[in-house]
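>>> Whatever this is, show me its structure:
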Amino acid sequence: MTNSRWEILLDGLVKRALFWSPLRSYLLYKYRYAFTPAQLGRLTALATEAAAHPGDFCEIGCYRGYTTVWLNRHLDVVAPAKRYWAIDTFGGFVPADVAHEQQARGKDSAEDRRALDKFTVNSRRWFDRTMTLNGITRVTSHAAAVQDFAFPAGARFCYVLLDVDLYQPTKVALEKLWPLLSPGGVIVVDDCHAGHVYDGSRQALTEFCTARGLTFEVVELKLGVLRKEP
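Here you go, the predicted model:
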């Protein structure tokens, strides 16, 4: 169905009015991903690889859903029957996790404190509405810290994107999710570059793998990739 001349005219008038208003930043395109195009490409390729194995997709630390939409657009093509879990506090970092970073890991500079106070302006309702606006129905959101989330019996995953940034939630998430990962599945841990305020995620991944005799690789500068052998 095509728009009428009047609908096209009205659409143009509204967009011109927005452009000349303080709301222009919401009209013009802005790159909003926390990943580079190369990193998004790698996440997409890993999703294709993982989708060949049994289990659902899971994203922990999804913020407002930009990457969630990206990956689900891809699943529409390669694995439309897969389910997708999205778990987030939808209110920023857990205070106890922040305290651990500051007191045990020395992340207490002014710059560190600003980084540890991010992601608070968010809402599960906004996230769910974003999915609806993009026509995505396979995603089920859960408002919880991963430490407090109980995965139901029988849960199985082939792909996990773990983007919780800090040491303690990364450690707990790996312990919970590794037994639920199907053979051939993959866990991707974000922020695995050294010397960064969020490098607690790499420390947790390193300790987890060392304790179990596992290996991981870091690709595209910061994506820690842990595979379960088929």
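>>> Count the residues that sit near residue 22.
Neighbourhood size, residue 22 [other CB atoms under 10 Å]: 7. Yep, even glycine has a C-beta here, placed from its N, CA and C like the rest.
>>> That one should be in a strand, yeah?
No. Counting by DSSP: H, G, I helix; E, B strand; the rest coil, residue 22 falls outside a strand, being coil.
>>> ok, now how distant is it from residue 131?
Using CB to CB, to the nearest Å, we find residue 22 at a distance of 28 Å from residue 131.
>>> Likewise for residue 142?
13 Å.
>>> who's more crowded, those two?
Ranked by neighbour count (other CB under 10 Å), residue 142 and residue 131 place residue 131 first, with 20 against 16.
>>> Where does residue 160 sit: helix, strand or coil?
Residue 160 ends up strand, using three-state DSSP.
>>> Look up how far residue 123 lies from it.
Distance, residue 160 to residue 123, by CB to CB: 24 Å.
>>> Looking at the two, which is more packed in?
residue 160 (26 against 12).
>>> So that one is in contact with residue 61, correct?
No. At 10.7 Å, residue 160 does not count as touching residue 61 under the criterion of CB atoms under 8 Å.
>>> list the contacts for residue 82?
Going by CB atoms under 8 Å, 6 or more residues apart in numbering, residue 82 touches 51, 56, 57, 75, 138, 158.
>>> Equivalent analysis for residue 185, please.
For residue 185, the contacting residues are 50, 53, 55, 157, 158, 159, 160, 227, 228, by CB under 8 Å, 6+ apart.
>>> Let me know the closest of those residues to residue 93.
Nearest to residue 93 among the contacts of residue 185: residue 160, at 19.4 Å, using CB to CB.
>>> That closest one and residue 54, how far apart?
Distance, residue 160 to residue 54, using CB to CB: 14 Å.
>>> quick one, strands of the chain?
56-60, 84-88, 139-143, 157-162, 181-189, 217-219, 223-227 (DSSP state E).
>>> The longest one pairs with which strands?
Applying DSSP bridges, strand 181-189 is found paired with strand 157-162 (parallel), strand 223-227 (antiparallel).
>>> got those as CSV, with distance to residue 79 columns?
Shown next, in CSV, are these (distance: least, CB to CB, whole Å):
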stretch, distance to residue 79
strand 157-162, 9
strand 223-227, 18
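>>> Among the ones you listed, show me which one is buried the most.
The highest mean neighbour count among the strands paired with strand 181-189, using mean count of other CB atoms under 10 Å, belongs to strand 157-162: a mean of 25.
>>> per-residue confidence averaged over that one?
In this model, strand 157-162 carries a mean pLDDT of 98.
>>> who's in contact with it?
43, 46-47, 50-61, 67, 71, 82, 85, 170, 173-174, 177, 180-182, 184-190, 201.
>>> For stretch 115-131, list every residue counted as buried.
Using 16 or more other CB atoms under 10 Å as the test for burial, stretch 115-131 gives 115, 116, 119, 122, 124, 127, 128, 130, 131.
>>> of these, closest to residue 11?
Residue 11 lies nearest to residue 130 out of these, by CB to CB, at 21.6 Å.
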